[in-house]
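Trainee: A predicted structure for the sequence below; I have some questions about it.
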Amino acid sequence: MKFHQRSDLQPSTMFNIDPIHKTICIKCIGDAHLKKIISAHPRHRNFCTYCQSEDDCIDLVDLAHIFDKAFSDTYSEIDERLAEDHGYPTKGEDLYSIIWKEIQPIDELIADDLSKIIYSFWENVSIFQSNPTSDTSFIKAGAESWFEQYWASMSYSLKNECRFLNSEALDLMKMVFDDIDKVPTSDGKSLILEITPEHELSTLYRARLFQHDNDLEEALLNPEKELGPPPNPKATAGRMNAKGISVFYGANLPEVALAEVRPPVGSKVAIAKFKVIREVRLLDLTRFKEVVSEFDYSIFDKQSLNKVRRHKFLTKLEEELVKPVMPEHSDAGYLVTQVIADFLASHQMLNLDGVIFRSIQVANKYSKPPMNIVLFNKASIVMRTFNKPGRKFTSSLYTFYENGDVIYDPVISYFEHGDSSNNNGYLFDGKLHTLQLISDSIQIREIENVEYGVDTKSVRIEKGN
């Protein structure tokens, strides 16, 4: 809410008083952050109207402006009709009580004067549903409502106004992520997880769906290329990448990798195991709900307010990232998460290689919680140690016997037809390799049936009045 000009204020709107000529000093208020704001505020030396002190003073109407801005950022008006019909919170506070709680004045006359000035603001310009009165109740719901409003606003802006160089999205990303590596969890852990080749998450599973045997046989001729991340021109849009930007989508369990590609009955899925061969830095979104928050904050302290807002954003972000998106809505549904991934992948100070987030495609019934691991484009290079120069490959899915029997028996055969021992130029071609295919780990799973976890609700039939 923008500050109003003093010329907008008329004494007739002040309930027959003239508070715009009153001043207040820092001794007459209790909030420490507000005291700092007043001390730094442009002012002239004057007596405090309330205690006659000559300490740092500010015009009361200027204090009302400061409070009005902070109030509109953190409080919402309670809609009594929605509260009654839909169970919204009904226990709120009136403006006078909120002034007492947030400003902590030493005299009830101060709260009374401020209330009258602020009500006069709202008579001219109101950000609320109607001009609030002394009977209007408010609830401190700034962090929750701020997230919902900002997420909706950012989504709309990205979809309808500006996909690239979107200042609204960039400002939010900076506020949330710029020092995310310094944000502790409740158990003192970092949100940045460093994965070494010895870490349990250094073994990743990747799946690829096939609906035709010919395509599968062709892929098995070069599994490092075909079962790894696709080349950029062939990369389709996904939850964490835009079309044309290749990333590595992996999982910590083969069952998770299988479920994430959502295979139809009758299709085949190739699952391969990849080994992380260098240290990578991953942002662990599964830890976001463990971030320490500062819920006891002053509405006048922008830094602590942003911490509360960031906490709410982080706790909600993973929910948005794992939320199911129907295939027909994937382009629009993935837009915000793609922007977040682009920002994180290019953040020079964080130097992240990827992210970790929960999988909701499978039930949490395994020895490990089901997780997805996404490696950004810069960290998705697969070292070629299997399909190297000097080898020739063939592949087949079936073995045919002379008696007419046909057995499903996938096999990759290779033949040495040259010197394949010295291939450093092929392996180390200037790119920083992150992954290596475990060639004997490839499995083909034929989808015979699909099971669903469902929540069934019966439809009630009722006669209206």
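Mentor: Perfect, I can see it now.
Trainee: so which strand or helix has the closest residue to Ile117 other than its chain neighbours?
Mentor: Once flanking residues are discounted, Ile117 sits nearest to Ala64: 4.2 Å by C-beta to C-beta, 6 or more residues apart in numbering. Placement of C-beta: from N, CA and C, glycine included. Taking DSSP states H and E as the criterion, the element that holds Ala64 is helix 60-74.
Trainee: show the average pLDDT along that helix.
Mentor: In this model, helix 60-74 has a mean pLDDT of 87.
Trainee: so which elements touch the helix or strand just after it?
Mentor: For helix 60-74, the succeeding helix or strand toward the C-terminus, using DSSP H and E, is strand 75-77. Helices and strands touching strand 75-77, by 3 or more C-beta pairs under 8 Å, 6 or more residues apart in numbering; DSSP states H and E, are strand 138-140, helix 142-160.
Trainee: which SSE is immediately downstream of the last one?
Mentor: Right, the one you point to is helix 142-160. Once the chain leaves helix 142-160, the next helix or strand it forms, by DSSP H and E, is helix 167-177.
Trainee: how distant is that next one from the center of its chain?
Mentor: 11 Å (C-alpha atoms, centre = their mean, to the nearest Å).
Trainee: where along the stretch 151-300 of the chain do the helices fall?
Mentor: 167-177, 213-220, 223-226, 254-260 (DSSP state H, counting those that start in this stretch).
Trainee: pick the most buried one from those helices.
Mentor: Ranked by mean neighbour count, the helices of the stretch 151-300 of the chain are led by helix 254-260 with a mean of 21 (mean count of other C-beta atoms under 10 Å).
Trainee: quick one: pLDDT of the nearest residue to Ser380 once chain neighbours are set aside?
Mentor: In space, and not counting its chain neighbours, Ser380 is closest to Phe248: 3.8 Å by C-beta to C-beta, 6+ apart. Predicted confidence (pLDDT) for Phe248: 96.
Trainee: what is Phe248 paired to in the beta sheet?
Mentor: In this entry, Phe248 is beta-bridged to Leu375, by DSSP bridges.
Trainee: OK, contacts around it?
Mentor: Leu204, Arg206, Gly228, Pro229, Phe274, Gly354, Val374, Leu375, Ala379, Ser380, Thr434, Leu435 (C-beta atoms under 8 Å, 6 or more residues apart in numbering).
Trainee: and the gap between it and Ala40?
Mentor: 50 Å (C-beta to C-beta, to the nearest Å).
Trainee: got a list of what Arg391 touches?
Mentor: Tyr414, Phe415, Glu416, His417, Ser420 are the contacts of Arg391 under C-beta under 8 Å, 6+ apart.
Trainee: ok so, going back, can you list the contacts of Phe248 in TSV and add distance to Ile20 and neighbour count?
Mentor: Listed next are the contacts of Phe248 as TSV, based on distance: C-beta to C-beta, whole Å; neighbours: other C-beta atoms under 10 Å:
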residue	distance to Ile20	neighbour count
Leu204	66	23
Arg206	68	24
Gly228	70	24
Pro229	65	22
Phe274	69	26
Gly354	57	28
Val374	57	26
Leu375	61	27
Ala379	60	22
Ser380	63	23
Thr434	65	24
Leu435	68	24
